[in-house]
Structure formats: C-alpha cells, structure tokens
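The sequence isn't on hand, but the structure is:
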C-alpha cells in the first residue's frame, strides 16, 4: 500500500467515525412529572383563608411557600365551615400545606389577642403542640396527584 493510499484509508476511517458520532441518538431528557394537591379546609370563623404549599426550603420562612392562594369563602361555605383548595403544577417532591384564617383582615397570622385559626398538613399521629411544627411533622411525599388532604383550622 502506498503512502497516498494509507492516508486515504485513514481519512475514510476518520470520516466514518465522525459520521457515526453525528448520527447517534441524543441523550434522553428527564421528564419532570407534574402533580396536584387538593382537599378541604375546615374553619370556624369569618374572613379570607391564606393557604401555602411549601417545600423544606420555603418552610423556613413563616407563612410563605412555593405557591399560595387567598380564598374568600362564599355564604354557603361560611355556613358549612369548609372550602376546597387545589394546588397544581407541582413536581414530584416533599411538601407541606399551611394555612390561616385572617379574621381581622390585616393579611397576616395573628397568634395573640385574639389568636386567629390556623392549620397544617400534620402527619398521622401528629398534632399541634407547644412548639412550632417542624417540616418533618407536617410534610408528605407527592409522587402522584394527592386528593382529600383535609385540614382543620383552630
């Protein structure tokens, strides 16, 4: 084989390698699964309901979250003392729900004179105590849509 033929063979092999690299399937992208959380809030008084969904990082800031809503109960909901809520477009993860009823209309949770009703998504067997709840006490895993997550404010 002559030197020119050798160089031609090397160029042909290199071109095949480049062509093969260009025709490989792109790496599969990871699909993000999106879920919803829904349930009912049971409340004793009057006034708007502030509802927050938080992950562990957002939980560090009181009465805040990744998403929030302010619900204004209708007359029927006020009579029943219950209103539904629904958070959507949440990726798979661990979350907590916290809420309060703003009876005096100042837009914040008042815990003194008189205290406003509040609640969280306490785990089975956990209840309000004398200490502020931890994320572990109120969090739950979301791997699919979660429904029927009822919270009582008191």
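On my side now, so go ahead. None of these values were measured; they are calculated from a predicted model.

Show the contacting residues for the residue lying closest to residue 45 once chain neighbours are set aside.
Distances taken as C-beta to C-beta, 6 or more residues apart in numbering put residue 103 closest to residue 45, at 5.0 Å, once the chain neighbours are dropped. C-beta here means a position set from N, CA and C on the backbone, and glycine is covered the same way. By C-beta atoms under 8 Å, 6 or more residues apart in numbering, residue 103 lies in contact with 45-47, 114, 116-117.

Residue 103 and residue 119, how far apart?
According to C-beta to C-beta, to the nearest Å, residue 103 stands 14 Å off from residue 119.

Quick check: closest non-adjacent residue to the residue nearest the centre of the chain.
Centroid-nearest residue in the chain, with C-alpha atoms, centre = their mean: residue 90, separated by 4.7 Å. Among residues not flanking residue 90 along the chain, residue 35 sits closest, at 5.2 Å (C-beta to C-beta, 6+ apart).

Report the buried residues of the helix or strand in which the one you found is found.
Element membership for residue 35, per DSSP states H and E: strand 34-42. Applying a neighbour-count criterion of 16 or more other C-beta atoms under 10 Å, one finds 35, 37, 39-42 buried in strand 34-42.

Would you map the helices across this protein?
Counting by DSSP state H, one finds helices in the chain at the ranges 3-22, 56-59, 75-80, 135-138.

Worst mean pLDDT among those helices?
Lowest mean pLDDT within those: helix 3-22, at a mean of 41.

Output the below-cut-off pLDDT ranges for the chain.
Applying pLDDT under 70 to the chain flags residues 1-30, 125-127.

at 50 instead, please
Within the chain, the segments meeting pLDDT under 50 span 2-21.

Quick check: the nearest residue to residue 123 once chain neighbours are set aside vs residue 79, distance?
Spatial nearest neighbour of residue 123, excluding adjacent residues (C-beta to C-beta, 6+ apart): residue 137 at 6.1 Å. Plainly put, residue 137 is 32 Å away from residue 79 if you go by C-beta to C-beta.

Same drill for those two, tell me which one is more crowded.
residue 137 (18 against 9; other C-beta atoms under 10 Å).
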